[in-house]
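*Asks:* Mind folding the following:
(2 chains)
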Amino acid sequence: MSELTEKQQQKIITLLKEEKKNALLAILDGIASFLDWLKENTKKIYKTISNWTREKIKNFLKSLIDKLL
Amino acid sequence: MNKDLEILKNIFNFIQGREEANNEIKHFIGDKDLKELDELLTKERGRPPKVAVIGKAGVGKTTTINNLFNANLKTSHALAGTKTAYLKEFELSGGGSLAILDMPGLGEDLDEDQIYEQIYRDELPKVDIILYILQANERILGEDQRIINDVVLGSFSNFVLSSKKEIAKRIIIGLNKVDLIGPGAWDNEINCPSDEQEISIDRRCNDITQKLLKLIPIRKKNMVYYSAEKRYRLYNLLIAIIKATGNIGWKLPVNPKPWWELASPNVQKFVHDYQNKG
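*Replies:* Sure, this is the predicted structure:
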């Protein structure tokens, strides 16, 4: 088996990072959709957890941005 | 791992029924509300999202479903060339369930199309999402455009205009088989397009998207190019579907089959080492 070139390794890492980012986006979209569902089905629980969950999403995204800057 | 991310992943796994809520969520929501929520979710999960998969024969409908949702649907010869609509409900290996509505193929016979249109009219308004798949490497799009406008959107012709706009939001156009677009060849070692092919794919899919946007009332973000066979850009398709499914998008599994499983053993080893390194 021949060794992977530096360019190939970089390409694979880029693809893996892209995949990880998209997996996270899919999860965040899923949670956002859950909050919409919650709002329509149980206002009481929605009130309890929506702000808390959105805060977690905000904090997570902020930490990601901080990491990038 | 980032603590907020850990909690978000746990919330997602909990709502999908794959994990119990962790202590932080339990503490925050409280036992009584958590029990109520758990019961509500269990009931709701019993109603899997209904996905209608449409496209001409050979566009890759089954491969798309299998690789996108990590499913194991078989292409049945009895159902190939089906003349009616079949609803297949199945459990997914990673948890959750899905209901796929397999529709009769269109665009092969005008007389039959007229019969099928009634089936579409009856069935499509009952689904949560419509995935229309076409082959991005094909030059002729006229037939697909006619089917989307006359048959798919035509199935909702009795609906008021505002509903029609809502319906259009629930239609995803999947441009499949981009691995066959040239010039440029697929890199089988890594299992991704070569640099040259990536440019061709981008150009070709932009071209198709612009043409379709002029002809059908569907949003650009609802058109996604991918290759089911090569598992390329499956997440992009999945995200578009989750967004379009609205308040039940959370029921869809986020577990497409990994692209690198189809790469060379050398690349698979590299990916394995890289992921273990964290």
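
*Asks:* what residues does the stretch 51-200 of chain B put near chain A?
*Replies:* Counting by C-beta under 8 Å from any C-beta of the partner chain, the stretch 51-200 of chain B comes close to chain A at B:189-190, B:192. The way it works is simple: take the backbone N, C-alpha and C, and place the C-beta from them, glycine included.

*Asks:* Out of the residues you listed, which comes closest to B:A263?
*Replies:* The shortest gap between B:A263 and any of those belongs to B:I190, at 5.5 Å (C-beta to C-beta).

*Asks:* Using the three-state scheme, assign that closest one.
*Replies:* B:I190 falls in the coil class when you classify it by DSSP: H, G, I helix; E, B strand; the rest coil.

*Asks:* So how do I select the buried members of the residues of the stretch 51-200 of chain B next to chain A in PyMOL?
*Replies:* The PyMOL command for the buried members of these (criterion: 16 or more other C-beta atoms under 10 Å in any protein chain shown) is given here:
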select buried, chain B and resi 190+192
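
*Asks:* so where do the helices sit in the stretch 151-278 of chain B?
*Replies:* Under the criterion DSSP state H, counting those that start in this stretch, helices of the stretch 151-278 of chain B are mapped to B:161-169, B:195-215, B:234-244, B:265-277.

*Asks:* so of the ones you listed, which one's packed in deepest?
*Replies:* Ranked by mean neighbour count under mean count of other C-beta atoms under 10 Å in any protein chain shown, the helices of the stretch 151-278 of chain B are led by helix B:234-244, which reaches a mean of 22.

*Asks:* that older thread, please produce a markdown table containing the residues of the stretch 51-200 of chain B next to chain A, extended by pLDDT.
*Replies:* What follows is those, written out as a markdown table (pLDDT from 0 to 100):
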| residue | pLDDT |
| --- | --- |
| B:E189 | 97 |
| B:I190 | 98 |
| B:C192 | 98 |
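
*Asks:* residues near A:T48, how many?
*Replies:* Residues near A:T48, counting by other C-beta atoms under 10 Å in any protein chain shown, number 18.

*Asks:* element containing it, please.
*Replies:* In this structure, A:T48 is located in helix A:43-68 according to DSSP states H and E.
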